[in-house]
Structure formats: structure tokens, C-alpha cells
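[1] Quick one, fold the following:
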Amino acid sequence: MGGFDPQGLLGIMLGGLATIAPNRRAEIVALGFKSVLAGLLATSLTGALVGLFAGLLIAG
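    Prediction:
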């Protein structure tokens, strides 16, 4: 999951998976929001690390 448009990606993921397994829709929805949070944290951590290394390269 990318960090650029989590709402659109969440809709695509929920729609696709709910079609494949309609009896597990509640579980898919619960995991969908957790995956958006995980994607947000991963994107934020990547940006923080790039900023840290870029700052070190410029200063050093």
C-alpha cells in the first residue's frame, strides 16, 4: 500500500477482497484500516530516514 492515496487504495482492496470472500467481509474491513495505518507509519518512517541521511550528507 502506498502512502499517496490510502482512501482509494482501501476502497479497491475492500471491494476486491469482499467479492472474493463475502462471508469474511467484517474481518476484511477490520484489517483494511490496520493496513492503512501500517502504510502510513511505513511511509512516515521512510521519509524520516531519508531526511536524516540527506541532512547528514549535506552537513558532512
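[2] Give me the average confidence score over whichever strand or helix holds Ala54.
    Using DSSP states H and E, Ala54 maps to helix 25-59. Mean pLDDT, computed over helix 25-59, is 88.
[3] Count residues in the vicinity of Gly32, would you?
    Counted by other C-beta atoms under 10 Å, the residues lying close to Gly32 total 19. Placement of C-beta: from N, CA and C, glycine included.
[4] hang on, the earlier thing: how far out from the middle of the chain is the helix holding Ala54?
    Offset of helix 25-59 from its chain centre (C-alpha atoms, centre = their mean, to the nearest Å): 7 Å.
[5] That one packs against which elements?
    Helix 25-59 is packed against helix 6-20, with contacts defined by 3 or more C-beta pairs under 8 Å, 6 or more residues apart in numbering; DSSP states H and E.
[6] Mind giving me the packing neighbours of the helix it packs on?
    Looks like helix 6-20 contacts helix 25-59 (3+ C-beta pairs under 8 Å, 6+ apart).
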